[in-house]
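Visitor: got a predicted structure here, sequence first:
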Amino acid sequence: MKGNVLVIGSAHLDILADYTDDTKNNIDKIGSIKIALGGSAYNIAINLGLHNYNVSILTILKTGSLSGKLIKDSLEGKGVNTDYISYCDFISESGFVAQRLSGKLESAVSSSTIDQVVLNEGKLKESIKKSSAVVLDCNLSKEQILQIINIAKKYNIPLMVSSVSESKVNRAIYIKTEYSLNYLLFSTNSVEAKKYFEWDTKIDKNEIIDFCNFYKSEFVVVTNGKNGYSIFEHKGNRFDFKAPQVPIIKSELGAGDALLAAICGHYAENNMFNWDNCQDVISRFLKPVLSVEEATVGACEAPKDIIQGIVPNSIFGIPKKMNEKFDVFVLIPFSEPFLFVFEEHIKPTLSKVGLSCGTAMDIYGNSAIIDDIWSSIYNSKVIIADYSGRNPNVFYEIGIAHTLGKETILITQSLTDIPFDLRHLRAIEYKYTPKDMHNFEDKLSKSIKSIFAK
């Protein structure tokens, strides 16, 4: 493995809507829609992983989100270290919706929620200290970027910036620090750069220095689509390179991320820039990206890949959206005293901590009961399951919950009712007496709080 790169930023779903000249002037355009995984941090990390670089990602995913599990699995499948991924309950699903005319981006709407949370200082320090280079994207807030700058400077770790959009580039530019230059390298595109400098004309040494000072960076990379890219150095130098030759360019959407990944990988491996040698690395990274419609080679497509990545091929089909949605779904035998335990002890305990709960008996409709149970298990955040009496239906439903990776709290009146191969899992044992049920409620409350505090 080469280098040791940390990428900080956004990972989310990409929705790519393609249309042609025939309907480009219509409000309701006719075309095709493709869904894949994306986000600048995701794209950069995947590109580095695919080329066998040692890379980690630090990002925030929504707890139990549609895309979260698939993003993590996809990153790990490409060799990316995901130890620094955190999860948050209150953020919304992130995404990027693009309209493309014959593969070229015309407009886009993005929703990135990583800038709404506080990044863990300890996790940032730990991950940055271990890195030979750090890349951040401008989906982060100004406060988060400043936090990262200060930590990187403290440990003398070079910092590179991916300018993800003209709406967010200012987050990384207009930051006041005590340093003359905040970044080793700042990557932007021709449209964004032109707003500040006539970079594509002949500019002298002092103008190049001013250009780099504006971005507070030792190097500035300006990507210009099929026309290649230019590199400006704070010393007053300029290097212009042609785009790699690709027989058919299907999309330029992920080219900027792939180029920055290549540059970062080159630096992490050599601890310096040799732009002629780096050109070869960039070519290796860019050619496969320009040849696919997605922003990253090997990004999972949807709906089929995404659904199958989250939901195994089930005989019950895709889980449906339930009218009765519970935070916690409870698996119990439909008899006494279990129904009483649920109504008088489990339900009130969860209500005290602000959580809703239900059993299969709380679901109303005309579909098969197992279909409702399957969908309720899938849609709930946590499962409580009572092993008491070795009820076969409960055992079957626990198997579904475990297969889906659901947080499951096991309860039982006798530990001997738990099958041998599951006894390594913690379970709350209870006796059906007034005194013991009080202890049961206390243990259940602590368990549920612990899960939701993650």
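Guide: Thanks, I have it.

Visitor: tell me the SS of the nearest residue to Leu6 once chain neighbours are set aside?
Guide: Once flanking residues are discounted, Leu6 sits nearest to Ser131: 4.0 Å by Cβ to Cβ, 6 or more residues apart in numbering. No exception for glycine: its C-beta is placed from N, CA and C like everyone else's. Following DSSP: H, G, I helix; E, B strand; the rest coil, Ser131 is assigned to coil.

Visitor: for Asn391, which non-adjacent residue is spatially closest?
Guide: Nearest residue to Asn391, sequence neighbours excluded (Cβ to Cβ, 6+ apart): Pro333, at 4.3 Å.

Visitor: just to revisit the earlier point, roughly how far apart are the residue nearest to Leu6 and Glu198?
Guide: 35 Å (Cβ to Cβ, to the nearest Å).

Visitor: residue ranges with poor pLDDT in the stretch 201-350 of the chain?
Guide: Low-confidence segments of the stretch 201-350 of the chain (pLDDT under 70): 246-253, 291-314, 317-318, 321-323.

Visitor: where do the strands sit along it?
Guide: Secondary structure of the stretch 201-350 of the chain by DSSP state E, counting those that start in this stretch: the strands cover 217-223, 229-233, 238-241, 301-302, 328-331.

Visitor: any idea of the angle the first one forms with strand 229-233?
Guide: Think strand 217-223. 170 degrees (axes from the mean of the first three to the mean of the last three Cα atoms, to 10 degrees).

Visitor: chain center to strand 217-223, what's the gap?
Guide: 26 Å (Cα atoms, centre = their mean, to the nearest Å).

Visitor: just checking, Asn206 touches Gly236?
Guide: Yes - the criterion here is Cβ atoms under 8 Å, and Asn206 meets it with Gly236 at 7.2 Å.

Visitor: for the two, indicate the residue with more neighbours.
Guide: When Asn206 and Gly236 are compared for neighbours, Gly236 comes out ahead with 16 against 9, by other Cβ atoms under 10 Å.

Visitor: pretty sure the more buried one sits against Phe211.
Guide: No - applying Cβ under 8 Å, one finds Gly236 not in contact with Phe211, separated by 9.8 Å.

Visitor: coming back round to it: deepest in the core, which of the strands of the stretch 201-350 of the chain is it.
Guide: Among those, strand 328-331 has the highest mean neighbour count (mean count of other Cβ atoms under 10 Å), at a mean of 26.

Visitor: now do that one: which elements does it pack against?
Guide: The contact analysis (3 or more Cβ pairs under 8 Å, 6 or more residues apart in numbering; DSSP states H and E) places strand 328-331 against strand 357-358, helix 369-379, strand 382-386, helix 392-403.

Visitor: redo those as CSV? Include mean neighbour count and distance to Asp22.
Guide: Shown next, in CSV, are the helices and strands packed on strand 328-331 (neighbours: other Cβ atoms under 10 Å; distance: least, Cβ to Cβ, whole Å):
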stretch, mean neighbour count, distance to Asp22
strand 357-358, 20, 51
helix 369-379, 19, 41
strand 382-386, 24, 50
helix 392-403, 16, 46
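
Visitor: looking at the ones you listed, which is closest to Phe232?
Guide: Comparing the helices and strands packed on strand 328-331 by their distance to Phe232 (Cβ to Cβ), the top pick is helix 369-379, with 51.4 Å.

Visitor: between Ser131 and Glu198, which one's more packed in?
Guide: Comparing Ser131 with Glu198 by other Cβ under 10 Å, the one with more neighbours is Ser131, at 24 against 11.

Visitor: which residues touch that one?
Guide: By Cβ atoms under 8 Å, 6 or more residues apart in numbering, the residues touching Ser131 are Asn4, Val5, Leu6, Ser56, Ile157.

Visitor: can you tell me the SS state at the residue lying closest to Ser32 once chain neighbours are set aside?
Guide: Excluding its sequence neighbours, the residue lying closest to Ser32 (Cβ to Cβ, 6+ apart) is Asp18, at 5.2 Å. Under three-state DSSP, Asp18 falls in the strand class.

Visitor: the protein - how does it break down into domains?
Guide: As given by automatic domain parsing, the domain ranges for the chain are 2-310, 328-452.

Visitor: quick one, which of the ones you listed is packed in tightest?
Guide: Stretch with highest mean neighbour count among these: domain 2-310 (a mean of 19; mean count of other Cβ under 10 Å).

Visitor: quick check, distance from that one to the centre of its chain.
Guide: With Cα atoms, centre = their mean as the basis, domain 2-310 stands 13 Å off its chain's centre.

Visitor: could you do stretch 410-421 as well?
Guide: Here stretch 410-421 is found 37 Å from its chain centre; the criterion is Cα atoms, centre = their mean.

Visitor: out of the contacts of Ser131, flag the one nearest to Glu218.
Guide: Checking the contacts of Ser131 against Glu218 with Cβ to Cβ, the nearest one is Ile157 at 13.9 Å.

Visitor: and the closest one, which of the three is it?
Guide: Put simply, Ile157 is coil when judged by three-state DSSP.

Visitor: quick check, it in contact with Ser132.
Guide: Yes - contact criterion Cβ under 8 Å: Ile157 and Ser132 qualify, at 7.5 Å.

Visitor: re the thing from before, list the beta-bridge partners for the residue nearest to Ser32.
Guide: Applying DSSP bridges to Asp18 gives these bridge partners: Ser32, Arg100.

Visitor: that one and Leu410: what is the separation?
Guide: Counting by Cβ to Cβ, the gap from Asp18 to Leu410 is 48 Å.

Visitor: likewise Ile418?
Guide: Distance of Ile418 to Leu410, computed by Cβ to Cβ: 7 Å.

Visitor: quick one: Ala368 from Tyr378, how far?
Guide: Per Cβ to Cβ, Ala368 is found 15 Å from Tyr378.

Visitor: oh, that last question was meant for Glu93, not what I typed.
Guide: Taking Cβ to Cβ as the measure, Glu93 falls 16 Å from Tyr378.

Visitor: ditto for Ile411
Guide: Using Cβ to Cβ, Ile411 is found at 21 Å from Tyr378.

Visitor: tell me which strands and helices the longest helix along the chain is in contact with?
Guide: Longest helix in the chain, counting residues (DSSP state H): helix 434-452. If you count contacts as 3+ Cβ pairs under 8 Å, 6+ apart, helix 434-452 packs onto helix 347-352, strand 382-386, strand 407-412, strand 427-429.

Visitor: hmm, try it at 7 Å
Guide: helix 347-352, strand 407-412, strand 427-429 (3 or more Cβ pairs under 7 Å, 6 or more residues apart in numbering; DSSP states H and E).
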